[in-house]
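Chemist: Can you look at this prediction? I've put the sequence above it.
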Amino acid sequence: MSSTPKAQAALLSIEGLCVEFDDGKGRVVKAVRDVSLDVDKGEMAAVVGESGSGKTALGMSIVRLLPKAGRITSGKIRLDGVDLLSADDAHLRSVRGKRVGVIFQDPMSSLNPFLTIGRQITEVTELHLGLSRREAREHASEMLDLVGIKDAAKRLDQYPHEFSGGMRQRVMIAIAVSCKPDLVIADEPTTALDTTIQAQVLDLLDDLRAKMGMSVILISHDLALVAGRADRVAVMYGGRIFEEAAARELFAHPANPYTRALLAAMPENAAAGEELFQIPGMPPDLSIEMQACEFAPRCGQAEAVCNGTRPPFTAVSAEHFSRCHFAADIFSRG
Amino acid sequence: MAEILRLENLVVRFGGKAGVNAVDDISLSIGRGETLALVGESGCGKSTLARAMMRVQKVASGSIVFDGEDITHLSERALRPIRRRMQMIFQDPFASLDPLVSIGNSILEPRRAFSLPAGDDELDELMTTVGLAAEYRTRKPGRLSGGQRQRVGIARALSVEPELVVADEPVSSLDVSMQAQILNLLKRSSRTRGIALLFISHDLRAVRFLADRVAVMEKGKIVETGTTEEILDHARHPFTQRLIAAMPQINSERTLPAQS
């Protein structure tokens, strides 16, 4: 998609992003490698990958919330055409929380245990929207209503520990959307939650996207979780995007061996009485620069070329891209 | 199928007279070599039930019968040989491993505690079973991935040749590819060793793969039990139906595949 010209400019445009981390042992881990991704207005884009695939580093780069050991070494991130990487602190503050909301996996560690829920929402809207205390409180109460927390007026004065895990995640969503952001980055927002609560939280996010016209980047390790909701899916491996397509297209015609392996490893895809497909080997050591396909050592279809040449990100059909020397073959074989 | 464990009208109460029954009059049995999945939402009491049957949680009333013997009120001393025969695997293998003890010693520690032979042969066999390469023997858990740590947790549980293993959300914190490896390992090792497995999970996809039977728990009570096919394909209780409806699926139009 990023390589096809679009009639309408994307809301968020990431181009050639590279992120590095110091691993504390004197080595440099190249966590994100030349990633380009566009997110359109109102679109839900999913970034799917395993631990260490670079998906979280990608998400946090957008709001420049990388940990101290991390840095963006090259690339561009534009929000409505404005480059966020060259933005000064003041501009960045106006982006974070206001134009881009972030929802983290563990609400307990991102909510302040000593402040009431109400205060944690009003803090944001007083700062970014310039609301008075009273206006902010009223607005916070509406926000809790919006995310389905009943008895909002009373709940505003309660502390995070008085909320269940699912309710805390709703509070996080309320904070993230309180300034009606253009974009919400949700990093594994439901991983710590039960399946039923998971579905409710994702439905809520989807619902708010429609109501508020915002874009969402949903980061997850679970393909099935994003399947029913995302418009588009990017599958990451070893710091790179390995496949990207409209969700329906990606699940119906996966054109990358890694995507296929991930799908095959899911318990619902096991044939009766047979073992689950296991991806052999381990994820790549990202401190090593490879001139090869990062997935080749674990790929059942790897040939000599895969170990010698990095595969390009090629189109297998309109708006469907795969990083594999044999992408076209795999795609046409179905 | 002969029973390895039976619970009769088990009650666990939190908070005394004014409190709540976290486990509320539960009767349940697990056959030898059978995998029973216990599903429900967090806070429904599934972990408390597991702890009670392992005799690490005080029981208010009812009984726990292990291999025909009522163990509900056995003294810790009398319980000791039973403890070897029922083992537990936890969700967070990191929290359950001593960071200063090498993988090899960690795996053999339960055997030593029960005065079983704990030499290189035993260690090799266990590490091979769970798929840990020999070089991990001297490493500390801090250097392992989540999946590898869970393999250590499983090796520890298997090390004392148990007849019942309780696995509490053993794959919930793992990536899909790691999940597949650990689910395969649990299935293979419980089947080949004839171990009964109580698999506690909120992930019905994993349950379908692993379990022979399913018990559905809601607010301290078992609301439905049956074979995996009965429960997942023909759920009768509305709560079970809700759990199934919330299960993420690649293709939402697809109906669940009928098991033949």
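Modeler: Everything's here; your move. Residues are numbered from 1 along each chain as shown, chains lettered A, B, ... in the order given.
Chemist: Could I get the full set of strands for the stretch 101-250 of chain A?
Modeler: Taking DSSP state E, counting those that start in this stretch as the criterion, the stretch 101-250 of chain A carries its strands at A:183-187, A:215-220, A:232-237, A:240-246.
Chemist: Looking at those strands, which is nearest to B:Val207?
Modeler: Ranking these by proximity to B:Val207 (C-beta to C-beta) places strand A:215-220 first, at 20.5 Å. The way it works is simple: take the backbone N, C-alpha and C, and place the C-beta from them, glycine included.
Chemist: contacts for that closest one?
Modeler: Applying C-beta atoms under 8 Å, 6 or more residues apart in numbering or on different chains, the contact partners of strand A:215-220 are A:11-12, A:39-48, A:55-56, A:58-59, A:62, A:182-189, A:191, A:202, A:205-206, A:209, A:226, A:229-230.
Chemist: Now, of those residues, which are buried?
Modeler: A:11-12, A:39-40, A:43-48, A:55-56, A:58-59, A:62, A:182-189, A:191, A:202, A:205-206, A:209, A:226, A:229-230 (16 or more other C-beta atoms under 10 Å in any protein chain shown).
Chemist: Which helix or strand contains B:Arg236?
Modeler: B:Arg236 belongs to no helix or strand when elements are defined using DSSP states H and E.
Chemist: meant to ask about A:Lys25, not that
Modeler: If you go by DSSP H and E, A:Lys25 is not part of any helix or strand.
Chemist: Please report the distance of it from B:Arg137.
Modeler: To B:Arg137, A:Lys25 is 22 Å away according to C-beta to C-beta, to the nearest Å.
Chemist: which one of the two has more residues nearby?
Modeler: B:Arg137 (18 against 7; other C-beta atoms under 10 Å in any protein chain shown).
Chemist: That one reaches B:Ile103, doesn't it?
Modeler: Yes: counting by C-beta atoms under 8 Å, B:Arg137 touches B:Ile103, with 5.9 Å between them.
Chemist: Please name the residues that touch A:Gln105.
Modeler: Neighbour list for A:Gln105: A:187-189, A:191-192 [criterion: C-beta under 8 Å, 6+ apart].
Chemist: ugh, typo on my part, it should be A:Leu262
Modeler: A:48, A:223, A:235, A:279, B:176-177 are the contacts of A:Leu262 under C-beta under 8 Å, 6+ apart.
Chemist: Most neighbours among the residues you listed, which one?
Modeler: Per-residue neighbour counts (other C-beta under 10 Å) across the contacts of A:Leu262 peak at A:Val48, which has 28 neighbours.
Chemist: and that residue, bridged to which residues?
Modeler: For A:Val48, the beta-bridge partners are A:Ser220, A:Val235 (DSSP bridges).
Chemist: Could you report the pLDDT at it?
Modeler: Predicted confidence (pLDDT) for A:Val48: 96.
Chemist: Name the SS class of B:Ile26, please.
Modeler: Under DSSP: H, G, I helix; E, B strand; the rest coil, the three-state class of B:Ile26 is strand.
Chemist: again, but for B:Pro248
Modeler: coil.
Chemist: My guess is it contacts A:Leu225. True?
Modeler: Yes: using C-beta under 8 Å as the test, B:Pro248 is close enough to A:Leu225 to be in contact (4.6 Å).
Chemist: Give the residue spans of the chain that score low on pLDDT.
Modeler: No chain in the question, so chain A it is. Applying pLDDT under 70 to chain A flags the ranges A:1-8.
Chemist: actually chain B
Modeler: Scanning chain B with the threshold set as pLDDT under 70 gives B:1, B:93, B:251-260.
Chemist: hey, where'd the strands end up in it?
Modeler: Using DSSP state E, the strands of chain B run over B:3-14, B:20-31, B:35-39, B:61-66, B:69-70, B:86-89, B:164-168, B:196-201, B:213-218, B:221-227.
Chemist: ok, residues contacting the shortest one?
Modeler: The set of residues that contact strand B:69-70 without belonging to it, under C-beta under 8 Å, 6+ apart, is B:63-64, B:82.
Chemist: Kindly report the same for the second one.
Modeler: Applying C-beta under 8 Å, 6+ apart, the external contacts of strand B:20-31 come out as B:1-14, B:36, B:45, B:48-49, B:52, B:60, B:62, B:164, B:196, B:198, B:215, B:217, B:219-222, B:225.
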